[in-house]
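S.K.: Predicted structure and sequence below. I'll ask about it afterward.
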Amino acid sequence: MIISIITVVFNCKEFIGHCLTSVQSQTYPQVEHIVIDGGSTDGTLAVIDKHPSDRMLVFSETDSGYYDGLNKGIMRSTGNVIATLNADDEFSDNYVVENMVNCFKRNQCEAVYGNLNYVKRLQTNLVIRHWQGLFYNVNRFNYGWMPPHPTIFFKKHLFTSYGVYSLNYGSSADYDLVIRFMYVQHAKTFFLDRVIVKMRAGGMSNGSLTKMVNASLRDYEILRSHHFRMCWMVLALKKLRKLGQFTNL
């Protein structure tokens, strides 16, 4: 089973080396790491050049943003399973991919997800928020639940059968894709109760009130497009779920 890990990067020279090392340190041998660079000008490509690997394929060209880059990576992938790892994030340990592969084999499933730790940007040993995935139940989507997208490994046939990331929903494209695969198409899904990814604080949908409002409006559009009932209630519950994830560290 080949695992294709897709990293989209643009001007991230400070952290991209940690991301590459995290992938290259995985114990599972059949890993294909596809790096999609959006035309970085800060020295990111020079850092990538310092981390050569016969498992890594690098493409540098302009794109229409993060999810367009992910779609390009999916199209170029040869793996049976697709995972993503942000340029400033890292796997929690060297056994993540091996453990996820074992889950696919044992459970004959189409998607596996786990838990996520948000960490301080310059101190990845300090956890500021823990996203507990919860055991899978498709009905949780009706109550604002979503599995941590950065931890999900998907069988590639889901993309070829049901489509890639929509570019119509901005930073909420992952929400649409997860609902489409798991809720609408009922992909057989398994939860691995362990931390999969360490994610540095900061992101496309956070950081300002405007970004958060826009993300909420797009989430509402997504819920309506998939015919959820009481969309505002589902959206409110989705936001409230985050409150219990913050730690006192």
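M.R.: Happy to help now that I have it.
S.K.: quick one: contacts for residue 162?
M.R.: Applying CB atoms under 8 Å, 6 or more residues apart in numbering to residue 162 gives the contacts 180-181, 184-185. Where you see a C-beta, it was placed from the backbone N, CA and C, and this is true even at glycine.
S.K.: The same query, at a cut-off of 10 Å, please.
M.R.: Remark: with contacts taken as CB atoms under 10 Å, 6 or more residues apart in numbering, residue 162 is in contact with 177, 180-181, 184-185, 187.
S.K.: swap in residue 19?
M.R.: Applying CB under 10 Å, 6+ apart, we find residue 19 in contact with 5, 7, 9, 12, 33, 35, 47-48, 51, 85-91.
S.K.: again with residue 49
M.R.: Residue 49 neighbours (CB under 10 Å, 6+ apart): residue 58.
S.K.: Now do it against residue 68, distance only.
M.R.: 24 Å (CB to CB, to the nearest Å).
S.K.: Residue 182 now?
M.R.: Distance from residue 182 to residue 68, by CB to CB: 23 Å.
S.K.: Between those two, which is the more surrounded one?
M.R.: Neighbour count, other CB atoms under 10 Å: between residue 182 and residue 68, residue 182 has more, with 24 against 18.
S.K.: Count the neighbours of the residue lying closest to the more buried one once chain neighbours are set aside for me.
M.R.: Spatial nearest neighbour of residue 182, chain neighbours left out: residue 189 (5.7 Å); criterion: CB to CB, 6 or more residues apart in numbering. A count of neighbours around residue 189, defined by other CB under 10 Å, yields 20.
S.K.: Show the pLDDT at residue 189.
M.R.: In this model, residue 189 is scored at 98, pLDDT.
S.K.: any idea which element the nearest residue to residue 27 once chain neighbours are set aside lies in?
M.R.: Counting by CB to CB, 6+ apart, residue 98 is the residue found nearest to residue 27 once chain neighbours are left out, at 5.0 Å. With elements taken from DSSP states H and E, the one containing residue 98 is helix 96-107.
S.K.: Give me the helices and strands touching that helix, please.
M.R.: strand 3-9, helix 16-24, strand 31-37, strand 81-84, strand 90-91, strand 111-119, strand 153-155, strand 189-200 (3 or more CB pairs under 10 Å, 6 or more residues apart in numbering; DSSP states H and E).
S.K.: Any chance of the ones you listed in JSON lines with distance to residue 147 as columns?
M.R.: Shown next, in JSON lines, are these (distance: least, CB to CB, whole Å):
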{"stretch": "strand 3-9", "distance to residue 147": "18"}
{"stretch": "helix 16-24", "distance to residue 147": "21"}
{"stretch": "strand 31-37", "distance to residue 147": "22"}
{"stretch": "strand 81-84", "distance to residue 147": "13"}
{"stretch": "strand 90-91", "distance to residue 147": "17"}
{"stretch": "strand 111-119", "distance to residue 147": "4"}
{"stretch": "strand 153-155", "distance to residue 147": "11"}
{"stretch": "strand 189-200", "distance to residue 147": "8"}
